[in-house]
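*Asks:* need coordinates for the following:
(3 chains)
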Amino acid sequence: MQLDKFSGEGVRISPLAKIGNNVKIGDRTIIYDNVEIGDNTIICNDCVIGEPLNAYYFEGDKYENPKTVIGADSLIRSHAIIYAGNTMGDHFQTGHRVTVRENTVFGHHCSLGTFDDIQGHSEFGNYCRLHSNVHIGMHSTLGNFVFVYPYVVFTNDPTPPSDICVGPTVGDFSQVATGSILLPGVKIGQHCLVGACSSVTKDVPDYQLVVGVPAKVLKDVREIKDRETGEAHYPWPYRFSRNMPWNGMDFDEWCKLMNNNELVGWGRTQKVNS
Amino acid sequence: MQLDKFSGEGVRISPLAKIGNNVKIGDRTIIYDNVEIGDNTIICNDCVIGEPLNAYYFEGDKYENPKTVIGADSLIRSHAIIYAGNTMGDHFQTGHRVTVRENTVFGHHCSLGTFDDIQGHSEFGNYCRLHSNVHIGMHSTLGNFVFVYPYVVFTNDPTPPSDICVGPTVGDFSQVATGSILLPGVKIGQHCLVGACSSVTKDVPDYQLVVGVPAKVLKDVREIKDRETGEAHYPWPYRFSRNMPWNGMDFDEWCKLMNNNELVGWGRTQKVNS
Amino acid sequence: MQLDKFSGEGVRISPLAKIGNNVKIGDRTIIYDNVEIGDNTIICNDCVIGEPLNAYYFEGDKYENPKTVIGADSLIRSHAIIYAGNTMGDHFQTGHRVTVRENTVFGHHCSLGTFDDIQGHSEFGNYCRLHSNVHIGMHSTLGNFVFVYPYVVFTNDPTPPSDICVGPTVGDFSQVATGSILLPGVKIGQHCLVGACSSVTKDVPDYQLVVGVPAKVLKDVREIKDRETGEAHYPWPYRFSRNMPWNGMDFDEWCKLMNNNELVGWGRTQKVNS
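*Replies:* Below is the predicted model:
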């Protein structure tokens, strides 16, 4: 490129921030107090990392910015606003213009899409993948390998407005398709699929496909056939491995190695001694 | 903070703008002609206040920017785009990246959430609270204490595309829950609750809970019980007072004082002579 | 205006970009390698044109930015992110904060709304008009004069997650109303209307109004009456001409002149020799 993405123009970094080795920081990006950025991470232009909390506006000199951790080998695209008090694991990725409020913990290998709005006080396991324009209300819990598609909303107030705040919980390997809404406090099991445009008002047991407003159980996901091959598509880890830690091996083999503690690395992608 | 949010870098302010006392303006924020900002207001980084209207691109030197008013004691978070010709009352608050088109009037103590998109030519009473990612089409009308939740859309064209533009009207104390759509011209009464994921196609009388696609009356909101206490939750002002002007007193008492003109201040929060 | 929108501050333009005559470029906007911008185009502040693809982060010096074309007489509002590898026709317009990923081709006179998120690898005919907050998944196809309203999502993965990617196709003059979702691979004919809040799971023949979750055929659009006049509103080109090429003449006359090749110009708006 004749025009470099990282000219250094307007970058501001707090003396209280800790920046790892081989980190790139885009133009006009600002890194506030007590941010720690892991090695080899790229933060693109016009980002705000460690955005001060509301208290900043009221406490004046007494305000102290909570610690913020961005893992190693991450890629945060332009115009992200990540509040102070968050912890992102390694290999964290985002699209453009994401907003992540305080006190959220992400595992490793998580990715957020453009326009995602994470309201804070939530937990994500490893390998969660949120597509564009997902809204995660406060106090939500996502397991590992949870995929969420565009325009999904996790809600948390059962009788609005109130001071109650109970977010949804989604189990490992489950997916929430485009335009669906999870009502406050619902618990979705493992390997579930919430069909597009659904409103989930009740708990969903493992392996169920639910659809509709309100969502009802339609069938077991293991009965869903692949459109092209006619074979069972779910549980999806047997059919899909792109960027997943079992890429290059059978999913059953990966599970077995995991159970026997024969895999190492944050993503559990490498065999011990391999 | 060792790194201050307000370094002054790249701030541009028109000589025709009027800035109140004790106002803070964030980096790279631009304040165009004929903007008035009230005392003690904070405008964060990368905002545009008084964005020129479309005519600016075509009229050249003849273009004159309409007056824009941002009330006192307001807090506008980063990356807001507020067009010229708007009037915001005092104690106006926003999340990040809001867009407000021209000729919209907000009462006092209104708040907008991150990604809200207000299309202009609309009216808001006092204490309206819009959560993230709400879209208000042109010519909408919201009363006082109207709460709108994420991914709600107010529409205005009954036979698209057409030159007709009739927005919805929502009465005092009513709420529109996540993911609902109000069709053009619908009138929602006072103290109503539109359930999540609904499409409101017909007018809704006072105190009704409506749900569904299309939305139907389910019950009177006064029959809804609080999940934890089992008591009636609505009308909600008896149960919820955070940031409301009746905070610290009984709602009936506040109503009585209001009716007797015994309260003062924009928010009607203080007793006369207290 | 006493404060000009185009001060030139922070503008960065690659030496490999080609900028037409009478082009305005807003503050802090960046134009990357191999971007071509047509005459009389306005690009507002804080835009990124020709954003490098993912490969940029991994290929280092070997990376070459694909060609990006922005047509003449276009107006791109602030904070747009347009990836490299896109082609926009003449008279292209956008609201604020649009994102357009790579390998998308737009015809002439297309417009995008604020917050639109175009995922790339898609095709748009002429005179497509997307309102705010529309999400177009990869491999979508839109004909000419297609109107899409807020919070509509075009999806493309029939059995998520998978490596299959088949976007929807929408025919000429069809419209998709607010909050609707088109499921992967659906084909919508010409002059159709998808009602608000619908989920389109099956193909829709020409001239049909479909509504619901899942969407069902309700009637022929030619049976829909205008609310005010009581006359048929569809096919809409007989009733609506604002910014359309048949503005100032009868739609039948325009069609006849089109069929006889008696119109010239990208927008086919002028009679030959007139």
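
*Asks:* how does chain A divide into domains?
*Replies:* A:12-226, A:241-274 (automatic domain parsing).

*Asks:* out of these, which gets nearest to B:I81?
*Replies:* domain A:12-226 (13.1 Å; C-beta to C-beta). Quick note: C-beta positions are derived from backbone N, CA and C, even for glycine.

*Asks:* span of that closest one from start to end?
*Replies:* 50 Å (C-alpha to C-alpha, to the nearest Å).

*Asks:* coming back round to it: comparing the domains of chain A by mean pLDDT, which bottoms out?
*Replies:* In terms of average pLDDT, domain A:241-274 trails the rest of the domains of chain A, at a mean of 80.

*Asks:* check contacts around the residue of the stretch 51-200 of chain A found nearest chain C.
*Replies:* Closest residue of the stretch 51-200 of chain A to chain C, C-beta to the nearest C-beta: A:C197 (4.1 Å). Contacts for A:C197 (C-beta atoms under 8 Å, 6 or more residues apart in numbering or on different chains) come out as A:178-180, A:213, C:181, C:199, C:213.

*Asks:* now the helices for the stretch 51-200 of chain A?
*Replies:* Here the stretch 51-200 of chain A has its helices, by DSSP state H, counting those that start in this stretch, at A:55-59.

*Asks:* show me which residues of it sit near chain B.
*Replies:* A:51-52, A:56-57, A:63, A:65, A:79, A:81, A:97, A:99, A:115, A:117, A:119, A:133, A:135, A:137, A:151, A:153, A:155, A:158-164, A:179, A:181, A:183, A:199 (C-beta under 8 Å from any C-beta of the partner chain).

*Asks:* which among the residues you listed count as buried?
*Replies:* A:51-52, A:56, A:65, A:79, A:81, A:97, A:99, A:115, A:117, A:119, A:133, A:135, A:137, A:151, A:153, A:155, A:158-162, A:164, A:179, A:181, A:183, A:199 (16 or more other C-beta atoms under 10 Å in any protein chain shown).

*Asks:* next step: the residues of the stretch 51-200 of chain A next to chain B restricted to strands.
*Replies:* Among these, the residues falling in strands (DSSP state E) are A:51, A:81, A:99, A:117, A:135, A:153, A:181, A:199.

*Asks:* contact partners for the fourth one?
*Replies:* It stands for A:D117. A:98-99, A:134-136, B:114-115, B:132-133, B:150.

*Asks:* tabulate the residues you listed (TSV), appending distance to A:D73.
*Replies:* Output for the contacts of A:D117, formatted as TSV (distance: C-beta to C-beta, whole Å):
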residue	distance to A:D73
A:V98	18
A:T99	22
A:V134	23
A:H135	27
A:I136	23
B:T114	28
B:F115	29
B:S132	30
B:N133	30
B:P150	32
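
*Asks:* among those, which ones lie close to chain C?
*Replies:* B:115, B:133.

*Asks:* could you say which of the domains of chain A is packed most deeply?
*Replies:* Mean neighbour count (mean count of other C-beta atoms under 10 Å in any protein chain shown) peaks for domain A:12-226 among the domains of chain A, with a mean of 22.

*Asks:* any idea how far A:K219 is from the nearest residue to A:E231 once chain neighbours are set aside?
*Replies:* Nearest-residue entry for A:E231: A:K225, 6.6 Å, with adjacent residues in sequence omitted and distances by C-beta to C-beta, 6 or more residues apart in numbering or on different chains. Taking C-beta to C-beta, to the nearest Å as the measure, A:K225 and A:K219 are separated by 11 Å.
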